[in-house]
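Asker: Could you look at this predicted model? Sequence included:
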Amino acid sequence: MIELYPAIDLLGGRVVRLRQGDYADETEYGTDPVAMARGFADAGTPWIHVVDLDAAKSGDPINRPVVAAIAAAVQGTSRVQTGGGVRSVDDARQLADAGVARVVMGSAAVRDPAVVALASEVVPVAVGLDHRGGELSVHGWTKGSGVMLDEAYERFLTADVFVITDIGRDGMLEGPDVEGLTRSAELAGAPVIASGGVSSLADIEVLATIPGLGGVITGKAVYEGRFTVAAGLAALARAQGAGR
């Protein structure tokens, strides 16, 4: 079952999107992320993907109260998956206590895979593997890690899912890396959530054909009016129905 994850990226409490992860190239899409999340939930999405961009860059979780407010607002309707600055078991525990259903660990996971196993005892963990040309990036996408994407999956045996982001496509509306995501879904030992480049309902329908894919994150395409969350959900349902 492939599920839709509309994204809310938080910077100073505002809803923004960055172009290719560049903090100097942001577009603001709103100042009320809780209302936006409630709208996504009302449209029927099972998940909402929240990213604390401030914490991802600095480690300071200034948006954590907003994340908690989002989780409370959609409780019973949608589950919240959140990442950005989740660097320790204590971070994971605090987010779980705030109502988050799954945390995303990226830089910390790449640096110390053991922290994923420990955090997984507290709350389900998505391992965020963000890459440029196959090399994983860390610290808010500002540095290369020297670790290659294809080599990373076996390090995280307790991962609930893997969130794969092609940074070069993120926020560009140029289409997802279907070939790369297909390879990731074959290699990963857990479902893969695709992130980056989704620009149309056709992109969603193509992604829905990838065996082993567990979800699709969409952000800018929704904010720019390319399609609605309801339309994205319908496209996924159609594509999966056709594939049966």
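Answerer: Sure thing, it's come through. Note that the coordinates shown come from a computational prediction; the quantities given were computed from them, not determined experimentally. Numbers count the residues shown, from 1 in each chain.
Asker: ok, for the residue nearest the centre of the chain, nearest residue in space, not its chain neighbours?
Answerer: Residue closest to the average C-alpha location in the chain (Cα atoms, centre = their mean): residue 49, at 5.3 Å. Nearest non-adjacent residue to residue 49, counting by Cβ to Cβ, 6 or more residues apart in numbering: residue 5, 4.1 Å away. Glycine gets a C-beta too; all of them are placed from N, C-alpha and C.
Asker: Surely the one you found touches residue 222?
Answerer: No: with contact defined as Cβ atoms under 8 Å, residue 5 does not count as touching residue 222 (10.8 Å).
Asker: So for these two, which residue has more residues nearby?
Answerer: More neighbours surround residue 5 than the other of residue 5 and residue 222, with 25 against 21 (other Cβ atoms under 10 Å).
Asker: who does the more buried one bridge with?
Answerer: residue 217 (DSSP bridges).
Asker: Please name the residues that touch it.
Answerer: By Cβ atoms under 8 Å, 6 or more residues apart in numbering, the contact list for residue 5 reads 45, 47, 48, 49, 81, 193, 215, 216, 217, 218.
Asker: partner strands of the lowest-mean-pLDDT helix or strand in the chain, parallel or antiparallel?
Answerer: Lowest mean confidence among the helices and strands of the chain (mean pLDDT, DSSP states H and E): strand 143-148, at a mean of 85. Applying DSSP bridges to the sheet, strand 143-148 is found paired with strand 135-138 (antiparallel).
Asker: Residues touching the partner strand, excluding its own?
Answerer: 21, 106-107, 110-111, 129-131, 143-149, 152, 167.
Asker: all strands for this structure, in order.
Answerer: For the chain, the strands defined by DSSP state E cover 3-11, 14-19, 22-30, 47-52, 79-83, 102-105, 125-132, 135-138, 143-148, 161-166, 192-195, 213-218.
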